[in-house]
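J.: Have a look at this prediction, sequence included:
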Amino acid sequence: MVRRSCEIYLVLALLAATLLSSLPQSAIALLFLLLGLYIHLRKPEPRWRILVVLGYFLVIPLLLEPVLYLFSALVVIPAFPLISSSLKENALTQTLSLEGRGQKEGKDSPKARQATNTLKSLIAAVGIILFASLLLANWTLAITSGMVLILIAGILIYLWRRLPLFPVEVEQKGLKVIAGNTTRLTTRLKNRAKIPLHIFVKSGYSWVHIGQTRFWNLFAEAELDLTITPTLSGPSQPQIEMLVVDSWGLIQMRQLVKPVNLYVIPRARYAEWLAKKYLEETAPPAGAILAMLPAAATVTAPKSGVEYYTSRPYQPGDRLKDIDWKHTVKLQEIVVKEYIEDTRQMAIIAVNLTAANIEEADKLVYNLITSALTLAREAIPTAVAAYSQEQVLTATPPLDPREVVKKALQLGQRVVLLAPVERYLQSPDIRQVRTSLRRLERTNAEPARKLRAILELEKRAIEEGAKEHPATRALNRVTAHTLPPAMITVISARNHDNEALSVTLEDLRKRGYSATLMKIS
């Protein structure tokens with residue numbers, strides 16, 4: 001309502017200037033009237049409206065100067081609220097960014113109050129006009145531009161008194177989460193200033209994502225939604241940077257906040273807990289509490305077969321004829337026999353116990369233990385092959401489920417950290433080399449023969465290198481006791497064993513094994 005009244009007042013002032021001024025001034029007044037009508041109909045961007053409003057404030061006193069003399073500068077005073085409303089409208093559309101600022105960990109003090117580009121441009125424009133009017137001894141224009149500067153100064157003083165050093169307060173929440181798991185958290189932003197604020201939020205971490213990054217005219221409180229996928233190497237209190245701007249868009253402040261206090265549980269520790277829980281609750285003395293196992297470590301009843309495999313505690317749904325009465329009487333609890341087919345498929349876990357960093361080692365151990373638990377849950381006899389960049393660490397025959405889990409726990413303590421070797425060329429692919437050789441055999445052209453000779457040399461080099469690699473030797477030892485068909489799960493970061501695995505797994509697939517590579521990245 002106030003803005004509409006100010007606009008009507010300026011129109012009336014322009015009409016008065018049109019009627020009371022001489023021809024040149026009246027033509028200019030009429031031109032501004034048409035410009036105001038055009039802006040009212042087309043509704044340009046707020047920044048252009050500010051320029052037009054300032055033009056009104058500076059031109060109208062000049063047009064009325066021949067009639068009112070110096071008093072013409074006072075004519076525009078009743079329309080001063082129009083400048084304020086135009087600035088607020090522009091503040092809702094101005095582009096403000098936190099890009100390129102970065103953040104320093106441990107420094108959560110706010111940046112000093114800074115002038116926005118809007119304030120700088122406004123002061124520069126009005127200041128130039130004031131300086132020019134003084135040079136030209138145009139006192140009407142000097143008084144008008146001086147009043148505009150006084151208005152801006154008054155708004156700045158008001159903002160300075162209302163904006164505290166920490167204008168935003170964020171509720172900090174504690175959160176326990178497993179490394180690599182994604183969780184959502186909602187906290188609250190509180191405006192500590194006594195005026196509405198525009199708040200722009202940015203996360204400096206790739207694993208912290210913010211739902212709503214802009215809050216317009218925040219006067220009290222608002223919810224801040226965070227999606228967090230923490231890493232072991234990340235900080236326990238990730239910082240979020242905020243750009244706080246007043247409702248006029250003149251002053252901006254930067255503030256770092258810590259909305260969450262993270263307790264990151266390593267994946268390996270969680271997997272070890274599941275494994276130990278599994279071993280405790282599947283042991284004969286603890287068989288009565290099998291039903292309390294978490295879903296990730298629950299042992300399912302094996303399918304019936306023809307060959308006796310082992311005994312285990314009774315579970316609801318087991319057949320009465322499978323009860324092992326001898327062990328039931330001895331252990332004072334119901335024990336049943338497990339049977340498996342003679343032609344059952346076995347499994348092999350091959351693990352490369354070399355990692356580049358703690359984060360990679362954590363993922364490696366987690367995948368190793370959870371793979372062992374998965375196979376144990378299905379009661380699949382499993383062989384384990386473990387190796388490093390230098391030697392074979394272990395190569396076992398097929399083990400029962402509990403022994404596989406125990407072996408995985410032991411191997412999880414033997415991970416070696418080794419800085420990765422930089423590669424400047426892509427690793428050779430033995431399958432691609434062999435395919436290229438088969439294609440080249442179809443032609444007897446001289447260039448094809450030369451290329452075939454080069455590829456033959458490369459193929460022999462890859463195969464000879466793979467033959468003596470610890471990965472190949474470990475898999476060969478295990479497959480000597482585990483005949484196909486058997487499924488092979490390879491857990492590796494592909495740091496030193498890439499070529500060896502390509503050759504060995506290709507050959508094992510031809511022999512009837514199925515192989516799956518679980519890459520740690």
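T.: Cool, got the structure.
J.: for the stretch 151-300 of the chain, what spans make up the strands?
T.: 168-170, 173-178, 183-191, 197-203, 208-210, 214-218, 221-228, 240-246, 251-257, 260-265 (DSSP state E, counting those that start in this stretch).
J.: who wins for proximity to residue 83 among those?
T.: Closest approach to residue 83 among the strands of the stretch 151-300 of the chain is made by strand 240-246 (15.0 Å; CB to CB). Just so you know, the C-beta spots here come from the backbone N, C-alpha and C atoms, and that holds for glycine as well.
J.: Who are the packing partners of that closest one?
T.: Applying 3 or more CB pairs under 8 Å, 6 or more residues apart in numbering; DSSP states H and E, we find strand 240-246 packed against strand 168-170, strand 197-203, strand 251-257.
J.: let's see 10 Å
T.: The contact analysis (3 or more CB pairs under 10 Å, 6 or more residues apart in numbering; DSSP states H and E) places strand 240-246 against helix 81-91, helix 139-162, strand 168-170, strand 183-191, strand 197-203, strand 214-218, strand 221-228, strand 251-257.
J.: quick one: which of the ones you listed is nearest residue 489?
T.: Using CB to CB as the measure, strand 183-191 is the one of those that comes nearest residue 489, at 28.0 Å.
J.: Mind splitting the protein into its structural domains?
T.: Listed domain ranges for the chain are 2-93+118-161, 168-265, 267-343, 349-519 (source: automatic domain parsing).
J.: Is it possible to get these out as JSON lines so that each row also shows mean neighbour count, mean pLDDT and distance to residue 112?
T.: Listed next are the domains of the chain as JSON lines, based on neighbours: other CB atoms under 10 Å; pLDDT from 0 to 100; distance: least, CB to CB, whole Å:
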{"stretch": "domain 2-93+118-161", "mean neighbour count": "16", "mean pLDDT": "84", "distance to residue 112": "12"}
{"stretch": "domain 168-265", "mean neighbour count": "17", "mean pLDDT": "92", "distance to residue 112": "8"}
{"stretch": "domain 267-343", "mean neighbour count": "15", "mean pLDDT": "67", "distance to residue 112": "43"}
{"stretch": "domain 349-519", "mean neighbour count": "18", "mean pLDDT": "85", "distance to residue 112": "37"}
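J.: Any idea which of the helices and strands packed on strand 240-246 gets closest to residue 408?
T.: Between the helices and strands packed on strand 240-246, strand 183-191 lies closest to residue 408; by CB to CB that is 26.5 Å.
J.: Convert the C-alpha atoms of stretch 358-366 to PDB, please.
T.: What follows is stretch 358-366 as a C-alpha-only set of coordinates in PDB (Å, rounded to 0.1, in the frame of the first residue of the first chain):
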ATOM      1  CA  ILE A 358      42.900 -46.500   5.800                       C
ATOM      2  CA  GLU A 359      39.600 -45.800   4.000                       C
ATOM      3  CA  GLU A 360      40.400 -48.500   1.400                       C
ATOM      4  CA  ALA A 361      41.600 -50.900   4.100                       C
ATOM      5  CA  ASP A 362      38.300 -50.400   6.000                       C
ATOM      6  CA  LYS A 363      36.200 -51.200   2.900                       C
ATOM      7  CA  LEU A 364      38.400 -54.300   2.100                       C
ATOM      8  CA  VAL A 365      38.000 -55.800   5.600                       C
ATOM      9  CA  TYR A 366      34.300 -55.100   5.600                       C
END
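J.: Using CSV, lay out the helices and strands packed on strand 240-246 together with distance to residue 11.
T.: CSV is the format used below for these (distance: least, CB to CB, whole Å):
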stretch, distance to residue 11
helix 81-91, 12
helix 139-162, 18
strand 168-170, 41
strand 183-191, 37
strand 197-203, 31
strand 214-218, 29
strand 221-228, 39
strand 251-257, 32
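J.: So residue 458 belongs to a strand, correct?
T.: No: the assignment for residue 458, made by DSSP: H, G, I helix; E, B strand; the rest coil, is helix rather than a strand.
J.: quick one: the helices in the stretch 251-400 of the chain?
T.: Secondary structure of the stretch 251-400 of the chain (DSSP state H, counting those that start in this stretch): helices at 267-282, 325-331, 358-377.
J.: Please produce CSV containing the ones you listed, extended by distance to residue 502.
T.: As requested, these are exported to CSV (distance: least, CB to CB, whole Å):
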stretch, distance to residue 502
helix 267-282, 27
helix 325-331, 48
helix 358-377, 19
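J.: List the contacts of residue 408.
T.: Residue 408 makes contact with 271-272, 275, 349, 351, 365, 367-373, 375-376, 382, 384, 386 under the criterion CB atoms under 10 Å, 6 or more residues apart in numbering.
J.: now residue 87
T.: 46, 49-50, 53, 94, 118-119, 122, 152, 155, 246-250.
J.: In helices only, show me those.
T.: Applying DSSP state H to the contacts of residue 87, the entries found in helices are 46, 49-50, 53, 118-119, 122, 152, 155.
J.: Mind putting those residues into TSV with distance to residue 81?
T.: Formatted as TSV, the ones in helices among the contacts of residue 87 follow (distance: CB to CB, whole Å):
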residue	distance to residue 81
46	16
49	14
50	14
53	11
118	18
119	18
122	16
152	14
155	11
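J.: Could you single out the nearest of these to residue 479?
T.: Among the ones in helices among the contacts of residue 87, residue 118 lies closest to residue 479 (CB to CB), at 72.4 Å.
J.: mind checking how far the nearest residue to the closest one once chain neighbours are set aside is from residue 79?
T.: Once flanking residues are discounted, residue 118 sits nearest to residue 249: 4.9 Å by CB to CB, 6 or more residues apart in numbering. To residue 79, residue 249 is 20 Å away according to CB to CB, to the nearest Å.
J.: Could you do residue 94 as well?
T.: Residue 94 sits 23 Å away from residue 79, taking CB to CB as the criterion.
J.: Settle this for me: residue 3 is touching residue 80, isn't it.
T.: No: if you go by CB atoms under 10 Å, residue 3 and residue 80 don't touch, sitting 11.5 Å apart.
J.: Excluding chain neighbours, what is closest to the residue at minimal distance from the centre of the chain?
T.: Nearest to the mean C-alpha position of the chain, by CA atoms, centre = their mean, lies residue 207 at 3.1 Å. Nearest residue to residue 207, sequence neighbours excluded (CB to CB, 6+ apart): residue 229, at 4.6 Å.
J.: quick one: contacts for that neighbour?
T.: Contact partners of residue 229, counting by CB under 10 Å, 6+ apart, are 177, 179-183, 205-209.
J.: Now do the phi/psi pair for it.
T.: For residue 229, the backbone dihedrals are phi -130, psi 80 (criterion: degrees, to the nearest 10).
J.: What's the separation between it and residue 321?
T.: Distance, residue 229 to residue 321, by CB to CB: 50 Å.
J.: cool, and residue 138?
T.: Distance, residue 138 to residue 321, by CB to CB: 112 Å.
J.: and if you look at residue 121?
T.: In terms of CB to CB, residue 121 sits 90 Å off from residue 321.
J.: Equivalent analysis for residue 213, please.
T.: Residue 213 is 65 Å from residue 321, by CB to CB.
J.: do the same with residue 413
T.: Distance, residue 413 to residue 321, by CB to CB: 43 Å.
J.: Kindly report the same for residue 374.
T.: From residue 374 to residue 321 the distance is 29 Å (CB to CB).
J.: Residue 50 too?
T.: Per CB to CB, residue 50 is found 90 Å from residue 321.
J.: now the contacts of residue 229 as CSV including distance to residue 494?
T.: As requested, those are exported to CSV (distance: CB to CB, whole Å):
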residue, distance to residue 494
177, 28
179, 21
180, 19
181, 24
182, 25
183, 29
205, 27
206, 23
207, 23
208, 29
209, 29
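J.: which one of those sits closest to residue 41?
T.: Nearest member of the contacts of residue 229 to residue 41, counting by CB to CB, is residue 209, at 42.3 Å.
J.: Quick check: bridge partners of that closest one?
T.: On the basis of DSSP bridges, residue 209 is bridged to residue 227.
J.: give the contact list for it.
T.: Residues near residue 209 by CB under 10 Å, 6+ apart: 182, 184, 203, 225-229.
J.: Nearest to residue 148, out of those: which one, please.
T.: Taking CB to CB as the measure, residue 148 lies nearest residue 203 of these, at 39.6 Å.
J.: Perfect, that will be all.
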